[in-house]
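**Q** okay, here's the prediction I keep looking at, along with the sequence it came from:
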Amino acid sequence: MPAFMSEFFTQFISLLQANLNVLDLGAGSGRQAIAIAQRGCKVWAVDKNPAKVQHKLITWQTLPIETWLQKPSSTRYDAVLMNNIVQFFSKGWVTGVLIPELAKRTTDRCLFGIRTFFKLPEPAFENSTVLSYWTAQELLSLFPGWKCLHQNQQSAAAADMTGRERLFHNSSIIVQQQ
Ligand SMILES: C[S@@+](CC[C@H](N)C(=O)[O-])C[C@H]1O[C@@H](n2cnc3c(N)ncnc32)[C@H](O)[C@@H]1O
């Protein structure tokens, strides 16, 4: 199983049925987007860097999430994935802008899956642009009244994108609007 198929992502993808509209914010290379598309969902993948994978069910938008949020959208998303992205924003912006704006673009029983870090990896990244760390409890507090389907916080050694071994401190939640 590829390393990105974390317990979190395995559970998130198992909750998706074909034909759902899934938003993948900070989609990166598209490794999760392609797995979601292969389940038969339409994926709306946003990243400030150019797309790497292509699939007929994936629509890429190459722009910063902050800019994307300002564009009107008629699509209502059934599920939102944020895998290793919220740490690049401040807590105030995530709480006050990102989540409220996304809530306007989602369906009534929308799923949100968020995976991030609750503290610096060890050793820390050399040129880190990380603005915030989140415990699983802090992530859950972004969704008061939503049903929690997954909550995890754990530390594990793993190779980073360059192959360097680090101790990562991951937090993750999956919630559904009620
Ligand atoms: C750590 S990677 C995670 C990629 C993917 N979600 C995954 O788990 O494989 C973070 C991604 O967020 C993107 N990113 C960072 N800040 C962004 C922003 N403000 N707007 C859009 N994309 C951003 C980067 O280009 C990068 O592809």
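**A** Nice, thanks for sending it over. Residues are numbered from 1 along each chain as shown.

**Q** on the three-state scheme, whatever residue of the chain ends up closest to the ligand is what?
**A** Here the chain gets closest to the ligand at one residue, Gly28, 2.5 Å apart by Cβ to the nearest ligand atom. In short, each C-beta sits where N, CA and C put it, glycine included. Put simply, Gly28 is coil when judged by DSSP: H, G, I helix; E, B strand; the rest coil.

**Q** for the residue lying closest to Lys147 once chain neighbours are set aside, list each beta-bridge partner.
**A** Excluding its sequence neighbours, the residue lying closest to Lys147 (Cβ to Cβ, 6 or more residues apart in numbering) is Gln176, at 4.8 Å. Beta bridges link Gln176 to Leu111, Lys147 when assigned by DSSP bridges.

**Q** which ones are touching Gln176?
**A** The neighbours of Gln176, taking Cβ atoms under 8 Å, 6 or more residues apart in numbering as the test, are 109-112, 146-147, 149.

**Q** can you pick the most crowded of those?
**A** Counting neighbours by other Cβ atoms under 10 Å, Phe112 leads the contacts of Gln176 with 25 neighbours.

**Q** you'd agree it is up against Val80?
**A** Yes - between Phe112 and Val80 a contact is recorded at 4.9 Å, counting by Cβ atoms under 8 Å.

**Q** what do those two both touch?
**A** With Cβ under 8 Å, 6+ apart, Phe112 and Val80 have common neighbours Leu102.

**Q** quick one: which helix or strand includes the residue nearest the centre of the chain?
**A** For the chain, the residue sitting closest to the mean C-alpha position, by Cα atoms, centre = their mean, is Met82 at 0.9 Å. According to DSSP states H and E, Met82 maps onto strand 77-83.
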